[in-house]
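Asks: Sequence and predicted structure are below.
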Amino acid sequence: MSVSSATSLRPSPVSQPEWILIFGSSLTVIAILSIVTFLLIREHGSAQLSATRAASNIVQLIDADVLHNVELYDLSLQGLISASQRTDLTLVSPQIRHLVLFDRAIAAPHKGDILLLDKHGDVLADSASVEPRTGNFADREYFQSHVQNPDSGMFISRPFRARRNDHDWRISFSRRISSQTGEFLGIAEAAMRLSYFNQLFRSLSIDRDSSVNLISTDGFLLAQEPLLADDLIGKDFSNRPNFMRILREGNGSFSSESSRDRTQRLYTFSRVGNLPLIVVVALSTDEVFASWKRTAVLTSFATGVLCIGLLWLTWLLCLELRRRHSAEQELEQLAATDGLTGLANRRTLDQTLNLEWARAQRSGHALSLLMIDVDHFKAFNDKHGHQLGDEALTAVARVIKSNIRRPGDLAARYGGEEFAVVLPDTEGDGAARIAENIRAAIEQDELVNAQDSPITVSIGLSIWSGAQEGSPETLIFAADKALYQAKYSGRNRVVAG
């Protein structure tokens with residue numbers, strides 16, 4: 001294993017503390033987002049529930065008021081029918097007869113006329129005057145309905161315009177008059193101005209984009225407040241999906257897109273007693289959820305800032321941890337590296353040699369050690385100075401490192417001008433070849449021998465083959481002994497011990 005300054009340039013892998021910090025921060029952000037999302041969804045449901053309850057209260061108020069007024073109209077009709085069947089009324093004056101016929105008639109600002117019609121549709125009695133008007137109502141829907149249907153129950157007509165001068169919108173409440181044998185004798189009819197519903201609806205608190213509607217069960221719009229379009233009263237909505245759902249469910253609430261203006265609305269509806277009338281409160285979802293949307297925007301913004309800030313702090317902490325980790329690696333590298341040559345220092349050499357010795361003993365493989373000494377370095381240093389001497393040592397270290405190619409090999413500075421090379425799993429021939437390559441390369445290197453004093457090295461080689469006993473110190477001693485033999489033999493050579 002060779003040690004170099006290049007290792008400091010490699011990108012540091014993410015450390016365990018960084019993984020823990022990133023995981024914890026991510027988990028916290030996910031938890032915050034999940035909690036805020038859950039709360040916003042719950043508040044959205046609460047806003048819808050609150051709006052539904054308010055609309056239901058409005059519907060109940062309208063139901064009660066409309067049902068009460070319809071009952072009054074029905075009482076008036078029943079009183080008129082009962083009085084019309086008295087035979088003694090033909091003997092009294094028209095004024096008395098008028099009072100008896102209409103004594104139960106309701107008095108309300110929005111009440112229309114109450115009429116008693118014969119079987120041909122002609123007016124027999126008129127609540128508006130003692131002398132009944134001249135007119136025939138046989139073409140009216142309510143009249144034709146009673147002719148065809150023997151049921152004596154009350155009939156509520158579709159909206160129609162009055163024949164009087166005001167031509168206002170009205171609906172009719174009517175009952176059939178039958179003989180004891182079931183023969184059709186005529187009808188009692190009372191008209192109600194639809195302005196009654198508008199006044200009733202106007203007294204309620206409804207947002208400007210919402211509306212209160214009264215629809216007959218056959219799909220005709222009877223009243224709407226506020227009136228969203230002039231041509232809506234009397235319009236048939238029976239084929240609209242929302243009305244079909246309202247008619248099918250009878251009472252309830254749902255959110256759907258309006259088929260008229262394509263806006264999302266919250267519909268709350270109820271059948272008015274046993275009458276063929278349905279009250280529908282259509283609330284604009286934009287208004288229902290306006291407050292919730294403002295809260296959601298502010299909450300989402302605050303949550304986003306919080307999460308971004310948390311992630312930013314996590315990023316800063318990761319950078320700090322990485323800087324600290326890099327500094328620790330650099331310090332560790334400095335502690336293991338010779339400052340001048342960039343090779344491993346004596347401490348690293350001792351640790352590596354002990355490890356490789358133990359491994360070689362376990363595996364039985366050979367372990368070789370080269371001790372390299374620069375020849376006549378003291379004379380070179382005295383002649384050229386310490387700066388050039390340091391440059392020469394650096395150049396020698398570079399050549400040694402360039403000839404150590406295996407990842408498991410280690411080149412180190414042993415001390416002064418002396419170097420060592422640990423060669424695991426290397427027999428004598430291979431170690432001698434490497435040593436000779438180093439010696440020859442230093443002798444021929446132009447940078448090493450750039451001065452007028454050539455530099456050579458002597459190399460001592462020792463091998464542990466697994467057959468003999470010993471220790472790392474024994475290997476070093478043998479390599480040192482071989483090195484001295486190389487020097488005393490003339491230098492610039494390799495000697496195996």
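Replies: Here it is on my side, so go on. Numbering: from 1, shown residues only.
Asks: And for Ala435, the neighbour number?
Replies: Per other Cβ atoms under 10 Å, the neighbour tally for Ala435 reads 27. C-beta coordinates here come from the backbone N, C-alpha and C atoms, glycine included.
Asks: surely it meets Val494?
Replies: Yes - when contacts are counted by Cβ atoms under 8 Å, Ala435 is listed as touching Val494 (4.4 Å).
Asks: Check the contact lists of the two and give me the overlap.
Replies: Ile459, Leu461 (Cβ atoms under 8 Å, 6 or more residues apart in numbering).
Asks: Beyond the longest helix anywhere in the chain, next helix or strand please.
Replies: Longest helix in the chain by number of residues, with DSSP state H as the criterion: helix 16-84. Remark: after helix 16-84, the chain's next helix or strand is helix 94-101, criterion DSSP states H and E.
Asks: looking just at contacts, which helices and strands does that next one meet?
Replies: helix 16-84, strand 123-126 (3 or more Cβ pairs under 8 Å, 6 or more residues apart in numbering; DSSP states H and E).
Asks: returning to that earlier point: rounded mean pLDDT for the longest helix of the chain, please.
Replies: For helix 16-84, mean pLDDT is 87.
Asks: buried set for stretch 170-185?
Replies: Buried residues in stretch 170-185, counting neighbours by 16 or more other Cβ atoms under 10 Å, are found at Arg170, Ile171, Ser172, Phe173, Ser174, Arg175, Arg176, Ile177, Ser178, Phe184.
Asks: Closest one of the residues you listed to Arg346?
Replies: Ile171 (110.5 Å; Cβ to Cβ).
Asks: Just the element for the closest one, please.
Replies: strand 169-178.
Asks: and the following helix or strand past that strand with helix 94-101, angle?
Replies: Counting by DSSP H and E, the next helix or strand C-terminal to strand 169-178 is strand 184-193. Between strand 184-193 and helix 94-101, the angle comes out at 80 degrees (axes from the mean of the first three to the mean of the last three Cα atoms, to 10 degrees).
Asks: what's the spacing between the longest helix of the chain and its chain's center?
Replies: 24 Å (Cα atoms, centre = their mean, to the nearest Å).
Asks: ditto for stretch 321-339
Replies: 43 Å.
Asks: Same check on stretch 347-360?
Replies: The answer for stretch 347-360 is 57 Å, by Cα atoms, centre = their mean.
Asks: for stretch 190-209, same thing?
Replies: On Cα atoms, centre = their mean, the centre of stretch 190-209 falls 43 Å from the chain's centre.
Asks: List the buried residues of it.
Replies: Ala190, Ala191, Met192, Arg193, Leu194, Tyr196, Phe197, Asn198, Leu200, Phe201, Ile206, Asp209.
Asks: okay, that stretch in PDB with CA atoms only?
Replies: Output in PDB follows, covering the C-alpha atoms of stretch 190-209 (Å, rounded to 0.1, in the frame of the first residue of the first chain):
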ATOM      1  CA  ALA A 190    -105.200  29.600  -4.700                       C
ATOM      2  CA  ALA A 191    -102.200  31.400  -6.300                       C
ATOM      3  CA  MET A 192     -99.000  32.400  -4.500                       C
ATOM      4  CA  ARG A 193     -96.700  35.000  -5.900                       C
ATOM      5  CA  LEU A 194     -93.100  33.700  -6.200                       C
ATOM      6  CA  SER A 195     -92.000  37.000  -4.700                       C
ATOM      7  CA  TYR A 196     -92.800  35.400  -1.400                       C
ATOM      8  CA  PHE A 197     -89.900  33.000  -1.700                       C
ATOM      9  CA  ASN A 198     -87.600  35.700  -2.900                       C
ATOM     10  CA  GLN A 199     -88.400  37.800   0.200                       C
ATOM     11  CA  LEU A 200     -88.000  34.700   2.400                       C
ATOM     12  CA  PHE A 201     -84.700  33.900   0.800                       C
ATOM     13  CA  ARG A 202     -83.500  37.500   0.900                       C
ATOM     14  CA  SER A 203     -83.800  37.500   4.700                       C
ATOM     15  CA  LEU A 204     -81.200  34.700   4.900                       C
ATOM     16  CA  SER A 205     -77.400  35.300   5.000                       C
ATOM     17  CA  ILE A 206     -76.100  33.900   1.700                       C
ATOM     18  CA  ASP A 207     -72.800  34.800   0.000                       C
ATOM     19  CA  ARG A 208     -72.900  36.600  -3.300                       C
ATOM     20  CA  ASP A 209     -71.700  33.600  -5.300                       C
END
